[in-house]
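Participant: from the sequence below, what's the structure:
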Amino acid sequence: MLALLPVGSTDGYPSSAVDTCKVLIGDHLYPVVGSISSAHTIVDVSEKPDVKVGDVATLVGADHAEIEPRAIAKKAGIGHYALMSRLNALLPRKLV
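Facilitator: Residues are numbered from 1 along each chain as shown. Sure thing, here's the model as predicted:
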């Protein structure tokens, strides 16, 4: 089962995250698969398919070590500063 997230490379999420990075939905990490388009990211939710429309998906954040900015940047092969500076200012954020 796949989930389509409305965040893509135009929003600053690196296209190199495919097959290397994960997304946190609820309390579970799901792998980024397929390809990242300008407006969407595909996540494989087969492992725990109780994901519902409207669930919060965290692509970069402090909620889990695997999605912290430095971890995402390293897996995607870019610098963490480049990752953070490319994220669209209109994306929802939670300050910690």
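
Participant: make it CA atoms for all contacts and neighbour counts henceforth
Facilitator: Fine.

Participant: now do the end-to-end distance for stretch 29-49.
Facilitator: Terminal residues of stretch 29-49 lie 12 Å apart, using CA to CA, to the nearest Å.

Participant: pLDDT on that stretch, on average?
Facilitator: This predicted structure assigns stretch 29-49 an average pLDDT of 95.

Participant: can you pull out the strands in the protein?
Facilitator: With DSSP state E applied, the chain shows strands at 2-5, 22-25, 28-33, 41-44, 57-58, listed in chain order.

Participant: buried deepest among those strands, which one?
Facilitator: Ranked by mean neighbour count under mean count of other CA atoms under 10 Å, these are led by strand 41-44, which reaches a mean of 23.

Participant: list the contacts of that one.
Facilitator: Judged by CA atoms under 8 Å, 6 or more residues apart in numbering, the contacts made with strand 41-44 from elsewhere in the structure are 1-8, 23, 30-36.

Participant: of the residues you listed, closest to R70?
Facilitator: Proximity of the contacts of strand 41-44 to R70 was ranked by CA to CA; the top entry is V23 with 14.4 Å.

Participant: which strand residues bridge the closest one?
Facilitator: Note on V23: beta-bridge partners Y30, judged by DSSP bridges.
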